[in-house]
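S.K.: Quick check, what structure comes out for this input:
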Amino acid sequence: MKNSVKILFLLIGFQFYSCSNSDDKYITLTAEEGEQYSGGETTFFNATEEAFGFSAPNLTFDEQSDFGIGNSFFRQSWVTAPASTTARDGLGPFFNATSCSSCHFKDGRGRAPLVDGETAHGLLLRLSVAGVNSNGSSFSDPIYGGQLQDNAVLGQTVKGKFNIVYQDITETFEDGTVVILRKPNYQINSLGYGEFASGIKVSPRVANQMIGLGLLEAIDESTLLKWADPNDNNKDGISGKLNYVYDIASNSKTIGRFGWKANQPNVRQQVAAAFSGDIGITSSLFPTENCPPGVDCDVIPNGGSPEITDSNLNKVALYSSTLAVPARRNYTEQNVLEGKKIFETINCTSCHIAKVQTGNTHAITALRNQTIRPYTDLLLHDMGTGLADNAPDFEASGSEWRTQPLWGIGLISTVNKHTNLMHDGRARNVTEAILWHGGEAQNAKNSFKKLAVTDRNKLVEFINSL
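M.R.: Numbers count the residues shown, from 1 in each chain. Down below sits the predicted model:
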């Protein structure tokens, strides 16, 4: 009897130990408080194809009104002058698109042409040559300027066209899985005004989703300076640095935040530069038409001087600043939370910083003191030779790019019906985008390649929840 009791006790103890040991190995992960509010109080809960198009819900009545006017100027097409629509005439004479929404469809992300001859849907080519202007910007091509406009108004010769030829690049995961990446090569043809300058640098740029720009602008400079580590003093292999660019309105050098190489200091100048380069619309910041030598722009009808008034430019800038960030989806699911942990473990958060507080000085009160989750440090990082365009941009080298904010990335497929990523759309999904990382991100990429397929999928699930 005593032996039976002793055996029963041992069995019960063994079962208890086994269950307890198993429970110790499995730890339920939980989301952070407020993790769903990617844009703080400016977050909007909508995951439809309109997800990028809502205003921040905490704007004043007057700001909501200006948002609506800015929205109309962003979405509606500009026409050639003269026209009865005097507020929207002056297109060109050379341009890439007729409206902001042509490239940022539904305030979302553009893509490269799918086939030769297709009109570009938000991909353009920047042009530069060796040398630096007095304000620190790169020299443009003396004939074609700083951007290849592939459309022109009636009566003018188009500057040029381009097509893309892709080269296959093979990447192999540690488990033997093979992924074929595609490296784009740009072939520019049908040049209308002669050859490019010797040593021309061509840098493709895809239009980004427009959400949360004002929140990024509202981050204090002191925060960005704290994140910067240009000499890698902490020896972690990450040496992010700030770009210092020319602010036209203040005629000074300041921190760059916007654009693929952080070459614009604020939303207003970014918007004005796009009006000038992409649509051919002059403003007080960019009053000169993009005309090659031999073309007299003064005799081509225009929409006034400037073609967009400061008042309307300011409304488009406010619209662009206050597009709400969509809320997170699936953020409490265990697979997503495990993917988040992997994202942190392989050190993606060294550049894609998850959470930050905006400052208290932005002109738009709604953007102040917000806890946001953009997953960026807004710094320049050397991404290696695979992504290099070899085109310096102020203090950005030919292989340095600004850390792309990841908020909204999982909704691009819903809004824009594609999943193409990176500065030129070469990556067809999140996995390919990670595999293109090099330079300072090489170690994170190598860690990703060593993950089991289940962990890779969890990481991708997490990123697509942002």
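
S.K.: how much space between P326 and S350?
M.R.: 25 Å (CB to CB, to the nearest Å). Where C-beta positions appear, they are placed from N, C-alpha and C, glycine not excepted.

S.K.: neighbour count winner among the two?
M.R.: Using other CB atoms under 10 Å, the more surrounded residue of P326 and S350 is P326, with 29 against 22.

S.K.: give me phi/psi at that one?
M.R.: With angles defined as degrees, to the nearest 10, P326 sits at phi -70, psi 150.

S.K.: Please name the bridge partners of it.
M.R.: Beta-bridge pairing of P326 under DSSP bridges involves F44.

S.K.: I'd guessed it sits against S38; true?
M.R.: Yes. Using CB atoms under 8 Å, P326 is in contact with S38, at 7.0 Å.

S.K.: Show me the common contact partners of those two, please.
M.R.: Common neighbours of P326 and S38, counting by CB atoms under 8 Å, 6 or more residues apart in numbering, are 407-408.

S.K.: just for the stretch 51-200 of the chain, where's the confidence low?
M.R.: Along the stretch 51-200 of the chain, the model assigns pLDDT under 70 to residues 120.

S.K.: all strands of it, in order?
M.R.: Here the stretch 51-200 of the chain has its strands, by DSSP state E, counting those that start in this stretch, at 94-95, 123-132, 138-139, 151-152, 161-172, 178-189.

S.K.: Tell me which of these sits most buried.
M.R.: Stretch with highest mean neighbour count among those: strand 94-95 (a mean of 27; mean count of other CB atoms under 10 Å).

S.K.: who touches it?
M.R.: By CB under 8 Å, 6+ apart, the surrounding residues in contact with strand 94-95 are 149, 151-153, 156, 158-159, 278-280, 289-291.

S.K.: Dump these to JSON lines, plus distance to K226.
M.R.: Converted to JSON lines, these look like this (distance: CB to CB, whole Å):
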{"residue": "Q149", "distance to K226": "40"}
{"residue": "N151", "distance to K226": "44"}
{"residue": "A152", "distance to K226": "47"}
{"residue": "V153", "distance to K226": "48"}
{"residue": "Q156", "distance to K226": "49"}
{"residue": "V158", "distance to K226": "47"}
{"residue": "K159", "distance to K226": "43"}
{"residue": "D278", "distance to K226": "34"}
{"residue": "I279", "distance to K226": "37"}
{"residue": "G280", "distance to K226": "40"}
{"residue": "E289", "distance to K226": "42"}
{"residue": "N290", "distance to K226": "39"}
{"residue": "C291", "distance to K226": "44"}
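
S.K.: which of those residues tops the neighbour count?
M.R.: Using other CB under 10 Å as the neighbour criterion, G280 leads the contacts of strand 94-95 with 29 neighbours.

S.K.: List the contacts of it.
M.R.: 90-95, 149, 289-290.

S.K.: Mind doing that once more with 10 Å?
M.R.: Shown in contact with G280 (CB atoms under 10 Å, 6 or more residues apart in numbering): 78, 80, 90-98, 149, 151-153, 289-291, 297, 302-303, 307.

S.K.: Can you give me the first-to-last residue distance of stretch 28-41?
M.R.: End-to-end distance for stretch 28-41: 28 Å, by CA to CA, to the nearest Å.

S.K.: cool, stretch 352-364 as well?
M.R.: First-to-last residue span, stretch 352-364, CA to CA: 25 Å.

S.K.: May I see the buried residues of that stretch?
M.R.: Judged by neighbour count (16 or more other CB atoms under 10 Å), stretch 352-364 contains these buried residues: 352-354, 356, 358-359, 362, 364.

S.K.: Okay, helices next: where are they in the stretch 251-400 of the chain?
M.R.: Counting by DSSP state H, counting those that start in this stretch, the stretch 251-400 of the chain has helices at residues 267-274, 310-321, 334-345.

S.K.: any chance of these in CSV, plus mean pLDDT, mean neighbour count and distance to I238?
M.R.: Shown next, in CSV, are the helices of the stretch 251-400 of the chain (pLDDT from 0 to 100; neighbours: other CB atoms under 10 Å; distance: least, CB to CB, whole Å):
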stretch, mean pLDDT, mean neighbour count, distance to I238
helix 267-274, 98, 23, 26
helix 310-321, 98, 21, 29
helix 334-345, 98, 18, 14
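
S.K.: Now render those helices as JSON lines, adding distance to E33.
M.R.: Shown next, in JSON lines, are the helices of the stretch 251-400 of the chain (distance: least, CB to CB, whole Å):
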{"stretch": "helix 267-274", "distance to E33": "30"}
{"stretch": "helix 310-321", "distance to E33": "27"}
{"stretch": "helix 334-345", "distance to E33": "14"}
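
S.K.: Which among those is found nearest to F54?
M.R.: Across the helices of the stretch 251-400 of the chain, F54 has its closest neighbour in helix 310-321 (11.4 Å, CB to CB).

S.K.: helices or strands up against the closest one?
M.R.: Packing partners of helix 310-321 (3 or more CB pairs under 10 Å, 6 or more residues apart in numbering; DSSP states H and E): helix 61-75, helix 100-103, helix 213-217, helix 267-274.

S.K.: Apply 6 Å and report the result again.
M.R.: When contacts are defined as 3 or more CB pairs under 6 Å, 6 or more residues apart in numbering; DSSP states H and E, helix 310-321 sits against helix 61-75, helix 213-217, helix 267-274.

S.K.: which of these sits most buried?
M.R.: Ranked by mean neighbour count, those are led by helix 213-217 with a mean of 25 (mean count of other CB under 10 Å).

S.K.: residues making contact with the helix or strand following that one?
M.R.: Per DSSP states H and E, the first helix or strand lying C-terminal to helix 213-217 is helix 221-227. Residues from elsewhere that reach helix 221-227 (CB atoms under 6 Å, 6 or more residues apart in numbering): 255, 377-378.

S.K.: If you count neighbours, what's buried in helix 221-227?
M.R.: For helix 221-227, burial by neighbour count (16+ other CB under 10 Å) applies to 223-224, 227.
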